[in-house]
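Undergrad: Fold the following and give me the result.
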Amino acid sequence: MNILIIEDEPGTARLLREFITAIDEEYKILAVCDSIEGTVAFLTTTTHRIDLLFMDIQLADGSSFDIFRQVTITAPVIFCTAFDDHLLEAFKSNGIDYILKPFHEKDIEQAFNKLQQLRNSVLPGPDRLQSSFLVKFREKMYPVAIKDVAAVALESEVVYLYTFNKEKHALFKTIDEVEATLDPQTFFRINRQMILHRDAIHEIEPFFNRRVIITLKVPTTVRPLVSRLKVGSFLSWVEKG
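TA: As a prediction, this is how the structure comes out:
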């Protein structure tokens with residue numbers, strides 16, 4: 001997940017960065033912007049996709065709501081501010097949470113949980129589910145049935161399918177596009193890089209920083225670690241199977 005921090009207090013920005021990376025080491029802080037001017041410049045020039053913004057409301061050169069009047073922001077925003085009188089405008093500006101300063105790691109973790117819950121509520125409809133993926137091999141294309149897919153992994157910016165018969169195929173889609181076409185009852189996205197079929201799971205063990213690691217029935221290059229924020233929902237998903 002690519003994250004932009006908009007905060008003009010260096011200490012607060014540093015604390016935010018520490019809390020975010022402590023929650024999940026896969027979260028990438030693209031930049032810390034400390035002004036409206038700097039944020040607009042970054043947003044209009046960056047080539048990176050932005051998945052989430054943490055935004056203070058009062059910046060040195062004005063209100064951060066002015067940013068929305070200069071550039072289009074489609075990513076969700078978590079507002080972190082010392083003022084409690086901007087709630088309405090915040091939620092009109094892509095806001096999904098409103099955290100008052102001084103905040104703690106638990107506040108940031110709860111905001112990420114809320115984001116995950118919102119994403120989980122947008123499930124693919126039956127018309128978007130697929131029965132197979134087309135893969136290319138030696139200049140030919142052929143279908144791989146979804147029921148034969150044990151795992152999907154993002155490796156060096158390429159998405160691969162791992163099958164139960166231990167084949168590996170490059171798939172020319174993004175992992176988000178793949179996830180949107182899979183049945184959430186059968187598949188679970190354990191982190192930014194990996195989606196697993198329920199039947200591919202062999203064992204689950206505790207891991208560092210309140211995460212869990214999975215032993216799969218098929219070998220994969222990417223290590224199957226369940227990110228900290230997803231452990232609870234993952235274990236519930238496994239039990240409901």
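Undergrad: In this model Phe19 seems to touch Tyr27, though I could be wrong.
TA: No - between Tyr27 and Phe19 there is no contact under Cβ atoms under 8 Å: 10.1 Å. For every residue, glycine as well, the C-beta is placed using N, CA and C.
Undergrad: Touching, Arg198 and Phe234? I think so.
TA: No - counting by Cβ under 8 Å, Arg198 does not reach Phe234; the two are 10.8 Å apart.
Undergrad: Contact partners for Pro76?
TA: Leu52, Leu53, Asn94, Gly95, Ile96, Leu115, Leu118 (Cβ atoms under 8 Å, 6 or more residues apart in numbering).
Undergrad: ditto for Arg210
TA: Counting by Cβ under 8 Å, 6+ apart, the residues that Arg210 touches are Arg228, Val231.
Undergrad: Just the CA coordinates for stretch 6-16, please, in CSV.
TA: Provided in CSV are the C-alpha atoms of stretch 6-16 (Å, rounded to 0.1, in the frame of the first residue of the first chain):
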residue,chain,number,x,y,z
ILE,A,6,0.6,15.5,4.7
GLU,A,7,1.8,17.0,8.0
ASP,A,8,3.7,20.2,8.8
GLU,A,9,4.9,19.2,12.3
PRO,A,10,8.1,17.1,11.9
GLY,A,11,7.6,15.3,15.2
THR,A,12,4.0,14.2,14.3
ALA,A,13,5.1,13.2,10.8
ARG,A,14,7.9,11.1,12.2
LEU,A,15,5.5,9.5,14.7
LEU,A,16,3.0,8.7,12.0
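Undergrad: quick one, what contacts the residue nearest to Gly241 when sequence neighbours are not counted?
TA: In this structure, Gly241 finds its nearest non-sequential neighbour in Arg198, 5.1 Å apart by Cβ to Cβ, 6 or more residues apart in numbering. Residues in contact with Arg198 (Cβ under 8 Å, 6+ apart) are Thr186, Phe187, Phe188, Trp237, Val238, Gly241.
Undergrad: rewinding a little: going by neighbour count, which of the contacts of Pro76 comes out on top?
TA: Ranked by neighbour count (other Cβ atoms under 10 Å), these have Leu53 at the top, with 23 neighbours.
Undergrad: what about the helix or strand hosting Ile3, distance to the chain center?
TA: Taking DSSP states H and E as the definition, Ile3 sits inside strand 2-6. Its chain's C-alpha centre and that of strand 2-6 lie 13 Å apart, by Cα atoms, centre = their mean, to the nearest Å.
Undergrad: For the next helix or strand after it, enumerate the helices and strands it packs against.
TA: Downstream of strand 2-6, the first helix or strand assigned by DSSP H and E is helix 10-23. Packing contacts for helix 10-23, counted by 3 or more Cβ pairs under 8 Å, 6 or more residues apart in numbering; DSSP states H and E, involve strand 2-6, strand 28-33, helix 105-120.
Undergrad: Out of these, the one nearest Asn209 is which?
TA: helix 105-120 (12.1 Å; Cβ to Cβ).
Undergrad: about what we covered before: who touches both of Arg198 and Phe234?
TA: Phe188.
Undergrad: Run a quick check on Ile3 versus Met55, I expect a contact.
TA: No - Ile3 is not in contact with Met55 according to Cβ under 8 Å; the separation is 11.0 Å.
Undergrad: So what touches stretch 23-42?
TA: Counting by Cβ under 8 Å, 6+ apart, 1-8, 10, 13, 17, 20-21, 46, 48, 50, 59-64, 66-67, 70-71, 105, 108-109, 112, 191-193, 209, 227-229 sit against stretch 23-42.
Undergrad: Whichever of those residues end up buried, select them in PyMOL.
TA: In PyMOL, this line selects whichever of these come out buried by 16 or more other Cβ atoms under 10 Å:
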select buried, resi 1+2+3+4+5+6+7+8+13+17+20+50+59+64+67+108+109+112+191+192+193+227+228+229
